[in-house]
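Asker: this is the structure alone, sequence omitted:
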């Protein structure tokens, strides 16, 4: 296991976190309702410990193997986070793990004992796989607001149907998630506004919208959850 981060690194992290909280205070109509998900994709355990030490418990990962491995290592190899025990309950201490990557049904069994929030559900088949391994799991429906090839999410027209079907699968559908359209933050605004309207229509309280570059616009359009990596930790190391 890696060592705890040096005090200087921790201090710099907390400075960045203070800057982010200032942005949230200025941009959001309800700053107290906004949750920060620290996205640690590509970073080591020291960055997760850094976030936890600063009071951030929501940790996001994009890759199944990386998430499961970090959860296992952070827990010291404790039961409940191993790939061979898919039916075990999630750990009661430590981070709240958010899965932010594409959901592959053949990896759900490995993720189910660990993941607390599934943020990228866009098809009923994905929800069925999650419900089989983790009944009652908390999920967000990802909405494709860009309409570009390769982007995850269901179309805005399908959101209501997908939400209803996932609820029939005994899943706790609590909100919607979106990745902003490419371009300037202002170009992402219409998509974020659309997601907020859909969430209002469906009485869903959570809107996971906004990353390091466009979080101010997302917050102005009603985001209650922002997913931040670079603005908290600095440049992400290259993926091997």
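Answerer: Now that the structure is in, tell me what you want to look at. These numbers were taken from a predicted model, which means no experiment stands behind them.

Asker: any stretches of this protein with poor pLDDT?
Answerer: The model of the chain has pLDDT under 70 over residues 1-8, 77-93, 240.

Asker: one more time with 80
Answerer: For the chain, residues meeting the criterion pLDDT under 80 lie at 1-8, 77-93, 148-150, 237-240.

Asker: kindly list the longest strand within it.
Answerer: In the chain, taking DSSP state E as the definition, the longest strand is strand 172-178.

Asker: show me how far stretch 64-75 is from its chain's centre.
Answerer: Computed by C-alpha atoms, centre = their mean, to the nearest Å, the chain-centroid distance of stretch 64-75 equals 16 Å.

Asker: give the buried residues for that stretch.
Answerer: Neighbour counts over stretch 64-75 (16 or more other C-beta atoms under 10 Å) mark 64, 66, 67, 68, 70, 71, 72, 74, 75 as buried. Using the backbone N, CA and C atoms, a C-beta is placed for each residue, glycine as well.

Asker: can you list the residues you listed in TSV and add secondary structure and distance to residue 40?
Answerer: Formatted as TSV, the buried residues of stretch 64-75 follow (DSSP: H, G, I helix; E, B strand; the rest coil; distance: C-beta to C-beta, whole Å):
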residue	secondary structure	distance to residue 40
64	helix	14
66	helix	9
67	helix	9
68	helix	13
70	helix	7
71	helix	11
72	helix	15
74	helix	10
75	coil	15
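
Asker: and which of those residues is nearest residue 226?
Answerer: Lowest distance from residue 226 to these (C-beta to C-beta) belongs to residue 67, with 19.2 Å.

Asker: mind checking the longest helix of the protein?
Answerer: Scanning the chain for the helix with the most residues, using DSSP state H, yields helix 7-27.

Asker: which residues does that one contact?
Answerer: Helix 7-27 is contacted from outside by 5, 31, 34, 36, 46, 50-51, 53-54, 56, 215-217, 219-220, 226, 228, 231-234, using C-beta atoms under 8 Å, 6 or more residues apart in numbering.
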